[in-house]
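**Q** structural data only, the sequence is not supplied:
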């Protein structure tokens, strides 16, 4: 194994066989079985205890510049991620922005649609507000961490663009 790792080192990360799970009787319990899962309320709480929003603010801005009459909740604190109108969800690694962009390329909906849907479902946005932010941000190319991502995947921008073209509109579901 690479870097001096042994197979034994990986045991905690290897999922057991289904037959062993059934034999022992392991059952999964999810947080949302007991408490409502609301991404917006969770983010508000986390912000209150020191959570830091996305740092990939476009064009050097520190907040989303929506008019107050748009009614988007608490825009002054939640930042912005490429392809969306918020900066508190799925910000734990730099490649997420590209992943969400590829979802838009392949399936026709992206990060803004995903988040708007969740906030509409939770009663935090109206459908009209959701459609507005989707029109503005879905499909926005992920520039903020592009240099780091290209280095990580060992690819040039031209090579990435070729791959993106190969996948555009290929979903046949």
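**A** Done, it's in. All figures in this text were calculated on a predicted structure; none of them were measured in a lab.

**Q** and the residue lying closest to residue 137 once chain neighbours are set aside, what is it in contact with?
**A** Spatial nearest neighbour of residue 137, excluding adjacent residues (C-beta to C-beta, 6 or more residues apart in numbering): residue 112 at 4.0 Å. C-beta here means a position set from N, CA and C on the backbone, and glycine is covered the same way. With contact set as C-beta atoms under 8 Å, 6 or more residues apart in numbering, residue 112 has these partners: 83-85, 133-134, 136-138, 140.

**Q** at 10 Å what do you get?
**A** Going by C-beta atoms under 10 Å, 6 or more residues apart in numbering, residue 112 touches 81, 83-86, 100, 104, 130, 132-140.

**Q** how close does residue 117 sit to residue 164?
**A** Counting by C-beta to C-beta, to the nearest Å, the separation of residue 117 from residue 164 is 24 Å.

**Q** thinking again about what came up before, so which strand or helix has the residue nearest to residue 137?
**A** Using DSSP states H and E, the element containing residue 112 is helix 111-121.

**Q** could you point out which element follows the lowest-mean-pLDDT helix or strand in the chain?
**A** Using mean pLDDT, DSSP states H and E, helix 39-48 stands out as the lowest-scoring helix or strand of the chain, at a mean of 80. Helices and strands here follow DSSP H and E; after helix 39-48, the next one along the chain is helix 96-107.

**Q** what helix or strand is the residue in the chain sticking out farthest from the centre located in?
**A** The centre of the chain is farthest from one residue, residue 23, which by C-alpha atoms, centre = their mean lies 35.8 Å away. Residue 23 belongs to helix 18-24 when assigned by DSSP H and E.

**Q** residue 135 too?
**A** helix 127-137.

**Q** who does that helix touch, helix- and strand-wise?
**A** Here helix 127-137 touches helix 111-121, going by 3 or more C-beta pairs under 10 Å, 6 or more residues apart in numbering; DSSP states H and E.

**Q** tell me which residues in the helix it packs on are buried?
**A** 111-116, 118-120 (16 or more other C-beta atoms under 10 Å).

**Q** let me know the closest of those to residue 154.
**A** residue 111 (24.6 Å; C-beta to C-beta).

**Q** please consider this matter closed, and thank you.
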